[in-house]
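K.L.:
predicted model and sequence follow; I will ask about them next.
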Amino acid sequence: MAKLASFVCQSCGAVHAKWSGKCESCGAWNSIIEEGAAPPIGGGAAKRAKGRPFALEDLKTAEDAPPRRATGVAEFDRVCGGGLVAGSAILVGGDPGVGKSTLILQALAEYAKRGGKAVYISGEEAMGQVRLRASRMGLAEAPVALGSATCVEDILATLDKGPAPGMIAIDSIQTIWTSALEAAPGTIAQVRTASFDLVRYAKASGAALILVGHVTKEGQIAGPKQVEHLVDAVLYFEGERGHHFRVLRAVKNRFGATDEIGVFEMTGEGLQEVANPSALFLGDRSGQAPGGAVFAGLEGTRPLLVEVQALVAPPGYGTPRRAVVGWDSGRLAMILAVLDARGGLGISGHDVYLNVAGGLKIGEPAADLAAAAALVSSLSGRPLPQDCVFFGEISLAGDVRPAPQAELRLKEAVKLGFSTAVVPPGTKIQNPGLKLREIADVGALVDFAGGGAAGR
Ligand code: TYD
Ligand code: MG
């Protein structure tokens, strides 16, 4: 039988019969390489080593919670689930320039200041550049061991020389290559192999490994998706251009929750932790203008108040324009359709813009009510009450549905001086500390936010 070579996409692992520039199954370009033919099934047995049996255990064996290494940067530690786990690997992704290197240097420096052994390997920047940044951030004195290297064998040889550090950062994984492969640095095969070697070192030595990775325009960590499978946690560092604050978000975490966020403000002296993000996100509220509604949201275990801003303009020619920032456009279309069908508004024909103030991204369905209120308010030209927060999910039938953790949201609103909350029906809270106004459906919302005359 003729030996068949197989062409394997290095991004998704799909096997193709012949080479092509684009992988049909995941859409990645230049990701297909020829791999040695797999031995026929059942064949090749002669070459295989004989397996050794291993003991199987039950689930209930008591094992201690893995020890955590807190860095001292509280926002970072919380997103990791209370610090980095010894022997684990995390991937920190983000657009170029968002501040990944700054964040990681800061975390390592704080860890080192508290007596930990931290190693920072920069593959992108020269030592001088890293030092310059450290001194700008006032961290030049922190005892971080700094190295500039890109070859994974060199890095491992260096690490093997001394006792294992508590924390190692590799900035960035896309620059690291192994001499075992001929492919250029940054290619999928290189990134995957280098990450694998580093992760294996972390597991064996008990060091906590931080890999920094760039994100492509499509929002994927550039290089293989497989790196995401290799590591224990994937964090994204995000921020809108032109805004000074940054959000660290976990999208995968084997040792903690994935809905936690950490909020930072980028200043001239590095990243500042923001302990009370609501105050920051509401800081630049647009006064008495129509179209602004404050959403009492929740990010992980933390309540977060943000302003949702809408602008509804008379339609121009052709298809109405829709633009969203920090919001899902499909969800906007749904709210507009429900407002039309169940609230009797003629809003779908208008140009509609929806913006989440401060550059935050909202994914919570409970934000529907705030968005709808902002839209109605903008359409009617009547500002919403200044002291009012909103939360509740809107169903396709036009009903307002309850949202989880109402009490937590209301507490935050009270803390920031709000005196009314527009909430789903049946929100029963003892002593909420502010006036609750239950709104059952979009019809009632239109009456509330548009004064009963919104565009009708
Ligand atoms: P950087 O950490 O290099 O981004 P990344 O590693 O994600 O590519 O940070 C880049 C930006 O941060 C840069 O445009 C300058 C800005 N910055 C500050 O505003 N203040 C600071 O103290 C530092 C260190 C950077
Ligand atoms: Mg960088």
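P.N.:
In hand now; what should we look at? This structure is a prediction, so every number in the text was calculated from the model and none was measured. Ligands and ions are numbered 1, 2, ... in the order given.
K.L.:
get me the contact residues on the stretch 251-400 of the chain for ligand 1.
P.N.:
Residues of the stretch 251-400 of the chain found near ligand 1 (C-beta under 6 Å from any ligand atom) are 266, 268, 269, 270. From N, CA and C alone the C-beta is placed, and that goes for glycine too.
K.L.:
of those - the most surrounded one?
P.N.:
Most neighbours among these, by other C-beta atoms under 10 Å: residue 270, with 20 neighbours.
K.L.:
give the contact list for it.
P.N.:
Taking C-beta atoms under 8 Å, 6 or more residues apart in numbering, we find residue 270 in contact with 102, 106, 136, 137, 138, 139.
K.L.:
that one - nearest residue in space that isn't next to it in sequence?
P.N.:
Spatial nearest neighbour of residue 270, chain neighbours left out: residue 137 (3.6 Å); criterion: C-beta to C-beta, 6 or more residues apart in numbering.
K.L.:
residues near the one you found, how many?
P.N.:
Each residue near residue 137 was counted by other C-beta under 10 Å, and the total is 18.
K.L.:
that one and residue 269 touch, don't they?
P.N.:
Yes. Look at residue 137 against residue 269 with C-beta atoms under 8 Å: they come within range, at 5.6 Å.
K.L.:
and the residue in the stretch 301-450 of the chain that ligand 1 sits nearest to, its phi and psi?
P.N.:
Proximity to ligand 1, evaluated over the stretch 301-450 of the chain using C-beta to the nearest ligand atom, is greatest for residue 359 at 15.1 Å. Dihedral pair for residue 359: phi 90, psi 10, per degrees, to the nearest 10.
K.L.:
go ahead and confirm it touches residue 245.
P.N.:
Yes. If you go by C-beta under 8 Å, residue 359 and residue 245 touch, sitting 7.3 Å apart.
K.L.:
shared neighbours, the two?
P.N.:
Common neighbours of residue 359 and residue 245 (criterion: C-beta under 8 Å, 6+ apart): residue 239.
K.L.:
quick one: residue 427 and residue 341, what's the gap?
P.N.:
To residue 341, residue 427 is 25 Å away according to C-beta to C-beta, to the nearest Å.
K.L.:
between these two, which one's more packed in?
P.N.:
Applying other C-beta under 10 Å to residue 427 and residue 341 shows that residue 427 carries more neighbours, namely 21 against 14.
K.L.:
and for the closest residue to that one other than its chain neighbours, the neighbour number?
P.N.:
Nearest non-adjacent residue to residue 427, counting by C-beta to C-beta, 6+ apart: residue 406, 5.1 Å away. Neighbours of residue 406 under the rule other C-beta under 10 Å: 23.
K.L.:
which residues touch residue 406?
P.N.:
By C-beta under 8 Å, 6+ apart, the contact set of residue 406 is 391, 423, 427, 429.
K.L.:
in CSV, list those residues along with secondary structure, pLDDT and distance to residue 276.
P.N.:
Converted to CSV, the contacts of residue 406 look like this (DSSP: H, G, I helix; E, B strand; the rest coil; pLDDT from 0 to 100; distance: C-beta to C-beta, whole Å):
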residue, secondary structure, pLDDT, distance to residue 276
391, coil, 95, 19
423, strand, 94, 23
427, coil, 85, 24
429, coil, 83, 22
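K.L.:
can you turn the buried part of those into a PyMOL selection?
P.N.:
Buried members of the contacts of residue 406, defined by 16 or more other C-beta atoms under 10 Å, are picked up in PyMOL with:
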select buried, resi 391+423+427
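K.L.:
which pair in the contacts of residue 406 spans the largest distance?
P.N.:
Greatest spatial distance among these (C-beta to C-beta): 391 and 429, at 12.3 Å.
K.L.:
I'd say residue 31 and residue 188 touch.
P.N.:
Yes. Under the criterion of C-beta under 8 Å, residue 31 makes contact with residue 188 at 5.9 Å.
K.L.:
where does residue 298 sit, in terms of helix or strand?
P.N.:
Here residue 298 sits within strand 292-299, counting by DSSP states H and E.
K.L.:
typed the wrong thing, it's residue 307
P.N.:
Element membership for residue 307, per DSSP H and E: strand 302-313.
K.L.:
distance from the chain centre to the helix or strand following that strand, please.
P.N.:
Downstream of strand 302-313, the first helix or strand assigned by DSSP H and E is strand 322-325. With C-alpha atoms, centre = their mean, to the nearest Å as the basis, strand 322-325 stands 20 Å off its chain's centre.
K.L.:
now what about whichever helix or strand comes after strand 322-325, what contacts it?
P.N.:
As assigned by DSSP H and E, the chain's next helix or strand after strand 322-325 is helix 329-343. Defining contact as C-beta under 8 Å, 6+ apart, one finds that helix 329-343 is touched by 322, 324, 345-348, 352, 354, 365, 368, 371-372, 375-376, 394-398, 441-443, 445-446.
K.L.:
return the set of buried residues in helix 329-343.
P.N.:
Across helix 329-343, burial judged by 16+ other C-beta under 10 Å covers 331, 332, 335, 336, 338, 339, 342, 343.
K.L.:
now it against strand 302-313, angle please.
P.N.:
Relative orientation of helix 329-343 versus strand 302-313 (axes from the mean of the first three to the mean of the last three C-alpha atoms, to 10 degrees): 70 degrees.
K.L.:
for the record, mean pLDDT for helix 329-343?
P.N.:
In this model, helix 329-343 has an average pLDDT of 94.
K.L.:
for the helix or strand just after it, packing partners?
P.N.:
The C-terminal neighbour of helix 329-343 among helices and strands, as given by DSSP H and E, is strand 351-356. Contacts defined by 3 or more C-beta pairs under 8 Å, 6 or more residues apart in numbering; DSSP states H and E place strand 351-356 against strand 302-313, strand 322-325, helix 329-343, helix 368-380.
K.L.:
what's the closest of these to residue 96?
P.N.:
strand 322-325 (20.3 Å).
K.L.:
parallel or antiparallel, list what pairs with that closest one.
P.N.:
strand 351-356 (parallel) (DSSP bridges).
K.L.:
so what's residue 429 up against?
P.N.:
406, 407, 410, 436.
K.L.:
can you count the residues close to residue 161?
P.N.:
As a burial measure, residue 161 scores 7 neighbours (other C-beta under 10 Å).
K.L.:
quick check: pLDDT value at it.
P.N.:
With respect to pLDDT, residue 161 scores 91.
K.L.:
show me the longest helix that occurs in this structure.
P.N.:
Longest among the helix segments of the chain by residue count, using DSSP state H, is helix 188-205.
K.L.:
same for that helix, what does it pack against?
P.N.:
Where contact means 3+ C-beta pairs under 8 Å, 6+ apart, helix 188-205 is packed against strand 89-94, helix 152-161, strand 167-171, strand 208-214, helix 226-230.
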